[in-house]
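Novice: Compute the structure for the input listed below.
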Amino acid sequence: MTTHRILDQTITMPVAVRDASAATVIYDVDLAAARHLAPPGFEVIEVQPGRAQFVLALIDYRDNDLGAYHEIGTILFVRPATGGPDGTFITHLPVDQRFTCVAGSEIWGYPKTVERIEVTHAPTTSRWFLTMNDTLVLDIAVPRGGTDNIPVMAMTSYTLLNGRPHATTFSQGGSGVLLQAGGSGVSLQLGDHPLAAELAGLGLPAEPVSSIWIERMQGSFEEPQPLDHAGQT
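Specialist: Next comes the predicted model:
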């Protein structure tokens, strides 16, 4: 059993997510622009000539080993240049609580920062405002509601922990799922913060490829594993 001591609290791995709501909005973006955001040693996955996919993830954690908090992720789909499974790399991960910020950074190497995140849930929509340094980054509304289920599936998340590439197996699934092709119900406005300019450089706002809402999400995060030179953990 692996444990980590974070701010005088003991975290036992894996970290469990027992209840959360999550939105995943997928955009088609310019491959060259996406490559500028990827770290050395990782290739951005090309989904069609000159194009990649980029994700805005919005998560309302209600019952989690790291506490209750909100999180917004900007995410690329990548693979290690030396070989390994396709996975995700998070370029920015604002949260609104200090403990999860410290834990996420120290345990996995996630690029968490503590920022102002305001969330308003309505019966059929969820609206999120992200402010950094007193400047609006984004204002996004996504559709919510649904009756479908997604089985818990294992995926790979890549990070740089102390400058070294690591792979983390994480799982996610749940109920109350709404899957929509295209951008119906999604509205994105960007502010004046440098992160907003970075998103604009990818071509956002744009019509999403799809959006997924999970009303009652469960999952877990395993201990990160360093990659060897062959891209294996």
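
Novice: Roughly how far does residue 180 sit from residue 92?
Specialist: 25 Å (Cβ to Cβ, to the nearest Å). For every residue, glycine as well, the C-beta is placed using N, CA and C.

Novice: Please say which of those two ends up with more neighbours.
Specialist: Neighbours of residue 180 and residue 92, each counted by other Cβ atoms under 10 Å, are more numerous for residue 92; the result is 20 against 17.

Novice: check which helix or strand covers the residue nearest the centre of the chain.
Specialist: Ranked by distance to the mean C-alpha position of the chain (Cα atoms, centre = their mean), the top residue is residue 73 at 3.6 Å. Taking DSSP states H and E as the definition, residue 73 sits inside strand 69-80.

Novice: list the helices and strands that strand packs on?
Specialist: strand 42-44, strand 51-64, strand 87-95, strand 116-121, strand 125-132, helix 194-201 (3 or more Cβ pairs under 8 Å, 6 or more residues apart in numbering; DSSP states H and E).

Novice: at 7 Å what do you get?
Specialist: Packing partners of strand 69-80 (3 or more Cβ pairs under 7 Å, 6 or more residues apart in numbering; DSSP states H and E): strand 42-44, strand 51-64, strand 87-95, strand 116-121.

Novice: so the nearest residue to residue 64 once chain neighbours are set aside is in which element?
Specialist: With sequence-adjacent residues excluded and distances taken as Cβ to Cβ, 6 or more residues apart in numbering, residue 64 is closest to residue 17, at 5.0 Å. Element membership for residue 17 (DSSP H and E) is strand 15-30.

Novice: May I have that strand as PDB, with CA atoms only?
Specialist: This file holds the C-alpha atoms of strand 15-30, laid out as PDB (Å, rounded to 0.1, in the frame of the first residue of the first chain):
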ATOM      1  CA  VAL A  15      -7.300   8.000  -4.800                       C
ATOM      2  CA  ALA A  16     -11.100   7.300  -5.100                       C
ATOM      3  CA  VAL A  17     -13.700   9.500  -6.600                       C
ATOM      4  CA  ARG A  18     -17.000   8.400  -5.200                       C
ATOM      5  CA  ASP A  19     -19.300  11.200  -6.500                       C
ATOM      6  CA  ALA A  20     -18.800  14.000  -9.000                       C
ATOM      7  CA  SER A  21     -20.300  15.600 -12.100                       C
ATOM      8  CA  ALA A  22     -18.200  16.000 -15.200                       C
ATOM      9  CA  ALA A  23     -18.400  17.600 -18.600                       C
ATOM     10  CA  THR A  24     -16.000  16.800 -21.400                       C
ATOM     11  CA  VAL A  25     -16.100  19.200 -24.400                       C
ATOM     12  CA  ILE A  26     -14.000  18.000 -27.400                       C
ATOM     13  CA  TYR A  27     -12.800  20.400 -30.100                       C
ATOM     14  CA  ASP A  28     -11.100  19.900 -33.400                       C
ATOM     15  CA  VAL A  29      -8.000  22.100 -33.500                       C
ATOM     16  CA  ASP A  30      -4.900  22.900 -35.600                       C
END
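
Novice: after it, next one along is what?
Specialist: helix 31-35.

Novice: Centre of the chain to that next one, how far?
Specialist: Per Cα atoms, centre = their mean, to the nearest Å, the displacement of helix 31-35 from the mean C-alpha position of its chain is 18 Å.

Novice: just checking, next helix/strand downstream of the longest strand seen in the chain?
Specialist: The longest strand of the chain (DSSP state E) is strand 164-181. Note on strand 164-181: by DSSP H and E, the next helix or strand toward the C-terminus is strand 187-190.
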